[in-house]
Structure formats: C-alpha cells, structure tokens
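# sharing a model that was predicted from the sequence below.
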Amino acid sequence: KTSMTVEPRWEFETKALDSRLRVRYQAPLSNASRGQKAQVEYRLGERASVQLQWDNDNVDVSGGDLGADFKLRWEWND
C-alpha cells in the first residue's frame, strides 16, 4: 500500500580505511518503523567492490531484506 506522501529523512555516512570502507544509514524523521536502510561498501581495488544492503520497506518480510552485490567498473577514454 502506497500513501504517496513525501517524508523527510535523515542520513548518516562515514568512510574509513583510506575511504575503502563506506557505511551509510538512512531513516525517516518520523517515528515510523519502516523505511530504514543501511549499506556497507568495501572497495577491493580500483575497479571492484562488495556491497551489503539492508532495508525494512517490505511489510511481508520480518527482519527486513538483506542483499549483497559484487560490483565491477571499467572506464574507456578516447
């Protein structure tokens, strides 16, 4: 069910280990229990990183959704 309302959020982000580790947390400013998100990303090198993400937007999943991504990046310059 979508309410179609805009809700302000706060966000916290920090980096450590020479900016190779990034931690981010977002939550609504209201006392709503839904809408929280957390991410942890670790850069393995110049072109690869691993990212874990958790959110509790889905009411059908107790404890929230957890996911992981392995990201590769290439750039082409002329």
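That came through fine. It should be emphasised that the depicted structure is a prediction, and the values quoted were computed from it without experimental measurement.

# can you pull the contacts of the residue nearest the centre of the chain?
The centroid of the chain falls nearest to Gln39 when counting by CA atoms, centre = their mean (3.3 Å). Listed by CB atoms under 8 Å, 6 or more residues apart in numbering, the contact set of Gln39 reads Arg22, Val23, Arg24, Tyr25, Gln51, Leu52, Gln53, Trp54. C-beta coordinates here come from the backbone N, C-alpha and C atoms, glycine included.

# secondary structure element for it?
strand 37-43 (DSSP states H and E).

# and that strand, how far from the chain's centre?
Relative to the centre of its chain, strand 37-43 is centred 6 Å away, using CA atoms, centre = their mean, to the nearest Å.

# swap in stretch 37-57?
On CA atoms, centre = their mean, the centre of stretch 37-57 falls 7 Å from the chain's centre.

# name the element the closest residue to Pro28 other than its chain neighbours belongs to?
Residue nearest to Pro28 in three dimensions, not counting chain neighbours: Gly35, with 4.5 Å by CB to CB, 6 or more residues apart in numbering. Gly35 is part of no helix or strand when elements are defined by DSSP H and E.

# for Gly35, give me its contacts.
Applying CB under 8 Å, 6+ apart, the residues near Gly35 are Glu7, Arg9, Gln26, Ala27, Pro28, Asn56, Asp57.
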